[in-house]
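Trainee: would you be able to build a 3D model of this:
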Amino acid sequence: MKTALLLSGGMDSIALAWWKRPDQAFTVDYGQLAASAEIEASAAVCRALDIPHVVLRFDARALGSGDMAVADANPHAPASDWWPYRNQLLVTLVAMRAVATGVERLWLGAVAGDETHRDGSPAFFEHMSALLAYQEGGVIVEAPAITMRTVDLIRESGIPRSVLAWAHSCHRADVPCCSCRGCNKHFEVLQELGANVATPD
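Mentor: Numbering: from 1, shown residues only. Alright, predicted model coming up:
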């Protein structure tokens, strides 16, 4: 069964790539501020694993919200990094391309705790999988690490720290801002892993 990973370049998706070794990886530039760094990080891990890497570009900047778009947060936003229906959009775009290459199983790097946003919850992935499986191509959507914390996923994956260091977690820029939710999570995970890192005051 041919597998593909929606690879964002963050810790979770990079660790999942190392753990599951998908047949193919897709990264989407949808207008988010850190797109270039996310693509670079994703490309680096794909080279290391010899996984074909496809970059899809779709300009959704006008629809963005919060930190990732330098825009006021949508009134429905549960957090500063919410982009309306982002995962629904990304899953759809990647599935459109993936199904044409024979992909039957599409993985996302969601972990326990991502349910801050409904599109990071187990129920969301069940709904998306049912919707895509109902349609031509029958692509199945899964989040293999959805019951794991990021630290547990990293440990399970066996990813070397030198490769994990390629991850880009900042929501606001190609260079870490050290103050957004993505950067904060990155530092917290490294600390829990026992890395000797300095965190912002």
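Trainee: alpha carbons only for contacts and neighbour counts from here, please
Mentor: Fine.
Trainee: got any ranges where the chain has weak pLDDT?
Mentor: Within the chain, the stretches with pLDDT under 70 are 70, 195-201.
Trainee: buried residues in the helix ranked longest in the chain?
Mentor: In the chain, assigned by DSSP state H, the helix with the most residues is helix 35-49. Using 16 or more other C-alpha atoms under 10 Å as the test for burial, helix 35-49 gives 35, 37, 38, 39, 40, 41, 42, 43, 44, 45, 46.
Trainee: closest to residue 16 among the residues you listed?
Mentor: residue 45 (10.8 Å; C-alpha to C-alpha).
Trainee: what residues are up against the closest one?
Mentor: Shown in contact with residue 45 (C-alpha atoms under 8 Å, 6 or more residues apart in numbering): 14, 17, 163, 166.
Trainee: so the third one, which of the three states?
Mentor: Right, the one you point to is residue 163. Residue 163 carries the three-state label helix when classified by DSSP: H, G, I helix; E, B strand; the rest coil.
Trainee: residues touching it, list them.
Mentor: residue 45.
Trainee: equivalent analysis for the second one, please.
Mentor: For residue 17, the contact set (C-alpha under 8 Å, 6+ apart) comprises 5, 7, 45.
Trainee: which of those sits closest to residue 81?
Mentor: residue 7 (18.0 Å).
Trainee: verify the stated contact: the closest one with residue 42.
Mentor: Yes. Under the criterion of C-alpha atoms under 8 Å, residue 7 makes contact with residue 42 at 6.2 Å.
Trainee: who touches both of the two?
Mentor: Joint contacts of residue 7 and residue 42 (C-alpha under 8 Å, 6+ apart) are 14, 27.
Trainee: and the strands in the protein?
Mentor: 3-6, 24-29, 53-57, 105-108, 140-142 (DSSP state E).
Trainee: so which of those is nearest residue 122?
Mentor: When the strands of the chain are compared (using C-alpha to C-alpha), the closest one is strand 140-142, at 9.0 Å.
Trainee: what's the closest one packed up against?
Mentor: strand 105-108, helix 122-134 (3 or more C-alpha pairs under 8 Å, 6 or more residues apart in numbering; DSSP states H and E).
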